[in-house]
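Undergrad: Quick one, what's the 3D model for this:
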Amino acid sequence: MRYGAKIALILDFIFFRMKTKVLFYLLGLWSLTTYSQLVLEHTYNEHIAARVQLENSGEKYYMYNPGTSAVDFFNADHSFWKSVPIITTPNIFSFRICHVSENTLDDDPDIDIAYAFYTMGDPGARSYIVNEDGSVALDLPGCVYYRVNTLSDNSIKIVAEMANGARVYSAETFTLEQVFAGSTEYHLLAIGGDIYSVFDAAQGKIDFYTSDYTLWKSMLLPKPADAAYTRIWVFSEHDINEDDLIEVSYGYVGGGEYHALILNENNTALLEVPDAFRIFYDAPADCTPKVKVELAGTGPNQGQVLTQFYSVPALQLEHTYEGYAGHLALEMSGEVFYDVHWEQMGTHLLNVYDAGHALWKALSLPVPDDMFDYSYQFAGVTHLSETVFDDEPDLEVIYSFYEDVLLEQKNYTTNVIDETGAILNTIPLASGMYLSTGNGWDPKFIASMTYGMIQNPMGQVDYFTSVWDIGGMAGLADHYGPVSLYPNPVADRLTIATSGRRFVQAEIFDLAGRRLTDIYENDIRQVDFSRLPNGSALLKLTDASGTSITRKILKR
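TA: Reported below is the predicted structural model:
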């Protein structure tokens, strides 16, 4: 074959793959609207959105708006509430909001925002704490993150993590109280009470200070001279056993090999695991506490990540799982463990095990059924439950996967499936989906969305956010009788035909989740599409009871 013909064949192959994926995304959106158990409620296109319960104003969503250098706030129904201008600089490539509150940092009712970001300039790390009235409480060049801690006496302390140590400030006055020479975290210990742990990598030790910043205890963290520390985890005195000694787990890497261990303050190694990336205490709600170890496989498991669970307090190995394993308590069946077997040319399985690590159930994790299915990579299981979506005790799973289309692009997809492996939702562009609940909120799923293209010199990807409702399941429409929408495709006016059902809101979204129009009437029988652009759109209809259905409409 001539060289030019080979190039043409390769390009045809690439374009065919891309067209195949676009078709898959469109089909995914069709499945979303036809068989969905989650209903798209809102999309925040500018950035990552978060949910917060403010002390005075209640439930809100908020996000950083890079176009206006502000943090925008929205009500629980996603209507705009207010915008708080913040201080930024050009060339930001990573931005994090560390804390949002109204009364935690001071007594006034205004919103306070603590945030940090990186720029290409000098200093690379900047951070501020600002009030919505425009005042600046703290301006710290070199600060990479803020942690706001409530001590046992209800005093509020702000730990500013610096590039070369940490500083502790009091709330309200924002007075500097202490400077530490290493990475600092606050802990409430069972015996020691309020303490700060300060990790000094240069000296190979961790120091513990009381709440008045008096040195209390020190521990050496031995490692080979040519190794570098990876991470430190501080346990409570009673997490592992009943003695009153502090236990610390830490890891290091040297010569390309990892090592991790649990050490008590008498320098006794309680557990030591070669090839381990990290060791940490694992005690999900309503589960038996374990010590969890993530390590690199050797021998026949070379190149594979393994997860081990050890009993507490005996620290005896109970089970080793292939890949990353999870541990949680289901609503009906109680404590379980799970892992994923992702076969590049075979069936992808989620294996669920009982509390004794015996296999209980195996669920198929479908991916698009085309000739390129071997190229899909597993991203993670982000939700496992039994009764979140319905009252049946069957398993419900949300998982994500991606495909490398080009060198700098990953096409992400998130699936919602039931115990049979049937897909309830396919959500293109979602790299993960997480349940948001608590504070008396209605439960929602919040999805991290991305087009997968690298956006800046540091290889970071820009994300946006979509919020999904559980209560208004599309499947509930069947209980109210059929709903007919015609003509579809539509040129001008779409007619809604239903028996005994009154729709009071109609929302039209494009396929990226952007709202195009919003209609409120007492009884909606027609929707005007004449002024909308040609192409596919999503029509969400909400009836007087608050139940919604969503359908895909083609405008011509």
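
Undergrad: so where do the strands sit in the stretch 1-150 of the chain?
TA: With DSSP state E, counting those that start in this stretch as the criterion, the stretch 1-150 of the chain has strands at 39-44, 49-54, 58-65, 70-74, 80-85, 92-101, 112-119, 125-131, 136-139, 143-150.

Undergrad: want to throw those into CSV with mean neighbour count, distance to Gln308 and mean pLDDT?
TA: Every residue, glycine included, has its C-beta placed from N, CA and C. Output for the strands of the stretch 1-150 of the chain, formatted as CSV (neighbours: other C-beta atoms under 10 Å; distance: least, C-beta to C-beta, whole Å; pLDDT from 0 to 100):
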stretch, mean neighbour count, distance to Gln308, mean pLDDT
strand 39-44, 22, 39, 90
strand 49-54, 18, 33, 94
strand 58-65, 19, 38, 94
strand 70-74, 20, 42, 96
strand 80-85, 14, 46, 96
strand 92-101, 17, 32, 91
strand 112-119, 21, 35, 94
strand 125-131, 21, 36, 94
strand 136-139, 15, 42, 95
strand 143-150, 19, 30, 95
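
Undergrad: any chance of those strands in TSV, plus distance to Thr495?
TA: Below are these laid out as TSV (distance: least, C-beta to C-beta, whole Å):
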stretch	distance to Thr495
strand 39-44	22
strand 49-54	35
strand 58-65	34
strand 70-74	33
strand 80-85	32
strand 92-101	45
strand 112-119	47
strand 125-131	51
strand 136-139	56
strand 143-150	54
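
Undergrad: okay, and the helix or strand of this protein with the least pLDDT?
TA: helix 3-35 (a mean of 39; mean pLDDT, DSSP states H and E).

Undergrad: residues contacting the nearest residue to Pro489 once chain neighbours are set aside?
TA: Nearest non-adjacent residue to Pro489, counting by C-beta to C-beta, 6 or more residues apart in numbering: Leu554, 4.1 Å away. Leu554 makes contact with Asn488, Pro489, Val490, Gly535, Ser536, Ala537 under the criterion C-beta atoms under 8 Å, 6 or more residues apart in numbering.

Undergrad: so who does the first one touch?
TA: Neighbour list for Asn488: Leu494, Ile553, Leu554 [criterion: C-beta under 8 Å, 6+ apart].

Undergrad: ok, of those, which one's closest to Ser155?
TA: Ile553 (56.5 Å; C-beta to C-beta).

Undergrad: thought the closest one was touching Leu539?
TA: Yes - assessed by C-beta atoms under 8 Å, Ile553 is found in contact with Leu539 at 5.0 Å.

Undergrad: what residues are shared contacts of these two?
TA: Common neighbours of Ile553 and Leu539 (C-beta under 8 Å, 6+ apart) are Leu485, Leu494, Ile508.

Undergrad: Relative to Val234, which of the strands of the stretch 1-150 of the chain is closest?
TA: Here strand 143-150 is closest among the strands of the stretch 1-150 of the chain (C-beta to C-beta), at 13.9 Å.

Undergrad: Check which helices and strands the very next helix or strand once past the closest one is in contact with.
TA: Using DSSP states H and E, the helix or strand that follows strand 143-150 towards the C-terminus is strand 156-162. If contacts are counted by 3 or more C-beta pairs under 8 Å, 6 or more residues apart in numbering; DSSP states H and E, strand 156-162 sits against strand 143-150, strand 165-170, strand 183-189.

Undergrad: okay, those strands in TSV with distance to Tyr252 next?
TA: Formatted as TSV, the helices and strands packed on strand 156-162 follow (distance: least, C-beta to C-beta, whole Å):
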stretch	distance to Tyr252
strand 143-150	22
strand 165-170	21
strand 183-189	15
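
Undergrad: Out of those strands, which is closest to Met433?
TA: strand 143-150 (25.2 Å).

Undergrad: Give me the contact list for the closest one.
TA: Contacts of strand 143-150 (C-beta under 8 Å, 6+ apart): 96, 98-99, 101, 104-105, 114-116, 118, 125-127, 129, 156-163, 167, 171, 185-186.

Undergrad: quick one, it and strand 92-101 angle?
TA: If you take axes from the mean of the first three to the mean of the last three C-alpha atoms, to 10 degrees, strand 143-150 sits at 10 degrees to strand 92-101.

Undergrad: Tell me which residues touch Asp354, please.
TA: Counted by C-beta under 8 Å, 6+ apart, Asp354 has contacts Glu335, Val336, Phe337, Trp360.

Undergrad: now do 10 Å
TA: Residues in contact with Asp354 (C-beta atoms under 10 Å, 6 or more residues apart in numbering) are Ser333, Gly334, Glu335, Val336, Phe337, Trp360, Lys361.

Undergrad: Would you mind checking the residues you listed for buried ones?
TA: Glu335, Val336, Phe337, Trp360 (16 or more other C-beta atoms under 10 Å).

Undergrad: Tabulate these in CSV, adding columns for secondary structure and distance to Asp391.
TA: As requested, the buried ones among the contacts of Asp354 are arranged in CSV below (DSSP: H, G, I helix; E, B strand; the rest coil; distance: C-beta to C-beta, whole Å):
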residue, secondary structure, distance to Asp391
Glu335, strand, 21
Val336, strand, 19
Phe337, strand, 25
Trp360, strand, 21
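
Undergrad: shouldn't Ile553 be in contact with Asn534?
TA: No - taking C-beta atoms under 10 Å as the definition, Ile553 is not a contact partner of Asn534, at 11.4 Å.

Undergrad: More neighbours: which of these two?
TA: Set Ile553 next to Asn534 and count neighbours by other C-beta atoms under 10 Å: Ile553 wins out with 20 against 11.

Undergrad: Would you mind naming the helix or strand containing that one?
TA: strand 548-555.

Undergrad: Trp342 contacts His348, correct?
TA: Yes - with contact defined as C-beta under 10 Å, Trp342 counts as touching His348 (5.1 Å).

Undergrad: any shared contact partners between these two?
TA: Leu365, Val367, Tyr376, Phe378, Tyr399, Phe401.

Undergrad: doesn't Asn411 make contact with the third one?
TA: Yes - between Tyr376 and Asn411 a contact is recorded at 9.1 Å, counting by C-beta under 10 Å.

Undergrad: Among the two, which residue is more densely surrounded?
TA: Using other C-beta under 10 Å, the more surrounded residue of Tyr376 and Asn411 is Asn411, with 23 against 20.

Undergrad: That one pairs with what?
TA: Note on Asn411: beta-bridge partners by DSSP bridges are Glu403.

Undergrad: What's the separation between it and Gln53?
TA: 35 Å (C-beta to C-beta, to the nearest Å).

Undergrad: Below-threshold pLDDT in the stretch 351-500 of the chain: ranges please.
TA: By pLDDT under 70, the weakly predicted segments of the stretch 351-500 of the chain are 369-374, 405-408, 453-461, 471-482, 499-500.

Undergrad: Could you rerun that using 90?
TA: 367-377, 387-393, 402-411, 421-426, 428-429, 437-443, 450-463, 469-493, 495-500 (pLDDT under 90).

Undergrad: Sketch out the strands for it, chain order is fine.
TA: Counting by DSSP E, counting those that start in this stretch, the strands of the stretch 351-500 of the chain are 359-364, 376-385, 396-406, 409-418, 423-428, 430-436, 444-449, 464-469, 483-486, 493-498.
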